[in-house]
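Please find the sequence and the predicted model below.
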Amino acid sequence: MKFCKDCRHIRIQGSGFAASAVCGHEKAARLNPVTGTANPWACLAMRGTDDCGPEAKLFEPKEQEVEAA
């Protein structure tokens, strides 16, 4: 199963209780019609759209850290 926490595009904003996970993929940016800036969508919201969806189409695994022996 592909979890957002294991995706290389995940970005954590805030800290502690107020932390949220947003998708850093280029397709996740939505144009703000008021300011004209691109705002990333929350990972949960992206999984509910056709862009990523339940199949996690935009999922790319994080690079595994190599442990020293």
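Perfect, thanks for sending it.

what's the spatially most central residue of the chain sitting at in phi/psi?
Within the chain, the residue whose C-alpha comes closest to the C-alpha centroid is Cys23; the distance, by Cα atoms, centre = their mean, is 2.0 Å. Geometry field for Cys23 lists phi and psi as phi -90, psi 130, criterion degrees, to the nearest 10.

Could you work out the end-to-end span of stretch 38-48 for me?
Across its full length, stretch 38-48 reaches 19 Å between end residues, using Cα to Cα, to the nearest Å.

Val22 against Arg30, yeah?
No: with contact defined as Cβ atoms under 8 Å, Val22 and Arg30 do not form a contacting pair (10.9 Å). From N, CA and C alone the C-beta is placed, and that goes for glycine too.

shared neighbours of the two, which are they?
Residues touching both Val22 and Arg30 (Cβ atoms under 8 Å, 6 or more residues apart in numbering) are Pro40, Trp41.

Tell me which of these two has more neighbours.
Remark: of Val22 and Arg30, Val22 carries more neighbours, 22 against 14, as counted by other Cβ atoms under 10 Å.

how about the more buried one, what does it touch?
The neighbourhood of Val22, defined by Cβ under 8 Å, 6+ apart, consists of Ile10, Arg11, Gln13, Ala28, Pro40, Trp41, Ala42, Cys43.

Make a markdown table out of the residues you listed and add distance to Glu63, secondary structure and neighbour count.
Putting the contacts of Val22 into a markdown table (distance: Cβ to Cβ, whole Å; DSSP: H, G, I helix; E, B strand; the rest coil; neighbours: other Cβ atoms under 10 Å) gives the following:
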| residue | distance to Glu63 | secondary structure | neighbour count |
| --- | --- | --- | --- |
| Ile10 | 13 | strand | 17 |
| Arg11 | 16 | strand | 13 |
| Gln13 | 21 | strand | 11 |
| Ala28 | 20 | helix | 22 |
| Pro40 | 21 | strand | 19 |
| Trp41 | 23 | coil | 19 |
| Ala42 | 23 | strand | 15 |
| Cys43 | 19 | helix | 23 |
